[in-house]
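Colleague: how does the following fold in three dimensions:
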Amino acid sequence: MVDEQFLAPEQRYTVEYCIKHKRRQEATTKSDVWKIPHLVNQILTAQSDLYMDEVLTVKRHLKKLHRFCQATNPINRWSSLKLLREYQLVYREIYGSQ
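Modeller: Next up, the predicted model:
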């Protein structure tokens, strides 16, 4: 079973919905974008014992970006390309143009 935090709102179904429609809605890139903040936070949390200060700095910078990924309405979520560009800007802001 997939942890519910990884499912975008449009991917959460009741048993009744599945029986009535005999299918679930297709996953989209917007539903994939919803998952990215959860995955990034899990990766960062796994590293937090080794690099606590750096992890906290990165999380602080990503907090605003991740809000755009988790808009309830998928139309309002960023595209994966927009998110990638924003991640690159955050990287440069934290580490310079290394």
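
Colleague: and stretch 72-87, how far from the chain's centre?
Modeller: Distance of stretch 72-87 from the chain centroid (Cα atoms, centre = their mean, to the nearest Å) equals 9 Å.

Colleague: er, stretch 35-55 actually
Modeller: The answer for stretch 35-55 is 13 Å, by Cα atoms, centre = their mean.

Colleague: likewise for stretch 65-85?
Modeller: How far stretch 65-85 lies from its chain's middle: 8 Å, per Cα atoms, centre = their mean.

Colleague: tell me the buried residues in it?
Modeller: Residues of stretch 65-85 classed as buried by neighbour count (16 or more other Cβ atoms under 10 Å): 65-66, 69-71, 74, 77-78, 83. For glycine as for every other residue, the C-beta is placed from the backbone atoms N, C-alpha and C.

Colleague: among the residues you listed, which are located in helices?
Modeller: Per DSSP state H, helices hold the following members of the buried residues of stretch 65-85: 65-66, 69, 83.

Colleague: what is the most widely separated pair among the buried residues of stretch 65-85?
Modeller: Distance extremes for the buried residues of stretch 65-85: the farthest pair is 65 and 74 at 16.7 Å, using Cβ to Cβ.

Colleague: tell me who's in contact with the residue nearest to residue 32 when sequence neighbours are not counted.
Modeller: Sequence neighbours aside, residue 80 is the residue nearest to residue 32 in space, at 6.9 Å (criterion: Cβ to Cβ, 6 or more residues apart in numbering). Contacts of residue 80 were listed using Cβ atoms under 8 Å, 6 or more residues apart in numbering, and they are 29, 32-33, 36.
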